[in-house]
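# how does the following fold in three dimensions:
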Amino acid sequence: RTADESALHEEEFTLGNLRPAPGARKRKNRKGRGISAGQGATCGFGMRGQKSRAGRPTRPGFEGGQQPLYRRLPKFVGRPTGPGHEKEIFN
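As a prediction, this is how the structure comes out:
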């Protein structure tokens, strides 16, 4: 710690002097800004494949050809609280 950081803890916190701790906030990664920037060209997505293409990779619930969970389970057709059902009071 430097002398400046230790002085931070001595003053009282108010809404006017709140700020994050040093090193707590990280700069966002600017993708596609040249090879020397670290995330240039393919931007960390690799060369080929479905996840490297533009747009959403797959639809929600897609499991790669396996039968999805929402199709494996039976339909949930109503609840036993509709007409013709009465609540059972135990106590």
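# so which residues of the protein form helices?
For the chain, applying DSSP state H gives helices covering 3-8, 69-72.
# mean pLDDT lowest for which of the ones you listed?
For the helices of the chain, the weakest mean pLDDT is recorded on helix 3-8, namely a mean of 58.
# Cys43: neighbour count?
14 (other C-beta atoms under 10 Å). Every residue, glycine included, has its C-beta placed from N, CA and C.
# ditto for the one 5 residues further on
Neighbourhood size, Arg48 [other C-beta under 10 Å]: 9.
# ok, now Ala37?
Around Ala37 there are 13 residues (other C-beta under 10 Å).
# just Lys26 next, same as before
By the criterion of other C-beta under 10 Å, Lys26 has 6 neighbours.
# how far away is it from Gly64?
Distance, Lys26 to Gly64, by C-beta to C-beta, to the nearest Å: 32 Å.
# now Gly34
Going from Gly34 to Gly64 by C-beta to C-beta gives 34 Å.
# out of these two, which sits in the more crowded spot?
Neighbour totals were compared for Gly34 and Gly64, and Gly34 leads with 10 against 7 (other C-beta under 10 Å).
# so what's the nearest residue to the more buried one once chain neighbours are set aside up against?
Distance criterion C-beta to C-beta, 6 or more residues apart in numbering; nearest residue to Gly34, sequence neighbours excluded, is Gly40 at 4.6 Å. Residues in contact with Gly40 (C-beta atoms under 8 Å, 6 or more residues apart in numbering) are 31-34.
# list the contacts for Leu58?
In this structure residue 58 is Thr, not Leu. Residues in contact with Thr58, defined by C-beta under 8 Å, 6+ apart, are 50, 64.
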